[in-house]
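**Student:** Sequence plus predicted model, see below.
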Amino acid sequence: MRLYSLSVLYKGDPKVHLLKAAYDVSTFNFFQRSSVQEFMTFTSQLIAERSALGSRASIKEQEYLCHVYVRSDGLAGVVIADNEYPQRVCFTLLDKVLDEFSRQVSKMDWPSGSPATISYSALDEYLSKYQVQTP
């Protein structure tokens, strides 16, 4: 059971943009890592774009399960995990991350923010904390 990606996005007009993201591509071949990360970023944006405000969903994409939560204020979170990772845990993580993000990052920065301009460093910690270590 693995988490591969944890993203915070803003669903504004006219499209969704990435505010901050963390990735764990260590299980992939070294030469595939950048394209896998690009795939995860693209998929996260696409899923958030196609999800309604105030909705939660789990979408299967190839061998991954993408969990999305779009709050009514436009802040969205996407977790990409393998098929075995518990759905309930993913949504608990998304709730926690989006609440914390909205407290630490001003709402005025969401529409124009980017991974380079937003200072929120907890995503990497959450991604490693929520990894399930298999014996």
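**Tutor:** Good, I have the coordinates.
**Student:** Can you check what pLDDT the model gives the closest residue in space to Gly54 that isn't next to it in sequence?
**Tutor:** Closest residue in space to Gly54, ignoring its immediate chain neighbours: Ser72 at 4.4 Å, by C-beta to C-beta, 6 or more residues apart in numbering. C-beta coordinates here come from the backbone N, C-alpha and C atoms, glycine included. For Ser72, the model assigns a pLDDT of 95.
**Student:** and Ser72, which of the three is it?
**Tutor:** coil (DSSP: H, G, I helix; E, B strand; the rest coil).
**Student:** And for Ser35?
**Tutor:** Relying on three-state DSSP, one would call Ser35 helix.
**Student:** Can you read off the pLDDT for it?
**Tutor:** The predicted structure lists Ser35 with a pLDDT of 96.
**Student:** how close does it sit to Phe28?
**Tutor:** Shown here: Ser35 relative to Phe28, a distance of 9 Å by C-beta to C-beta, to the nearest Å.
**Student:** More neighbours: these two, which one.
**Tutor:** A direct count of neighbours by other C-beta atoms under 10 Å for Ser35 and Phe28 places Phe28 higher, at 14 against 11.
**Student:** Doesn't that one lie inside a strand?
**Tutor:** No. Assessed with three-state DSSP, Phe28 is coil; it does not lie in a strand.
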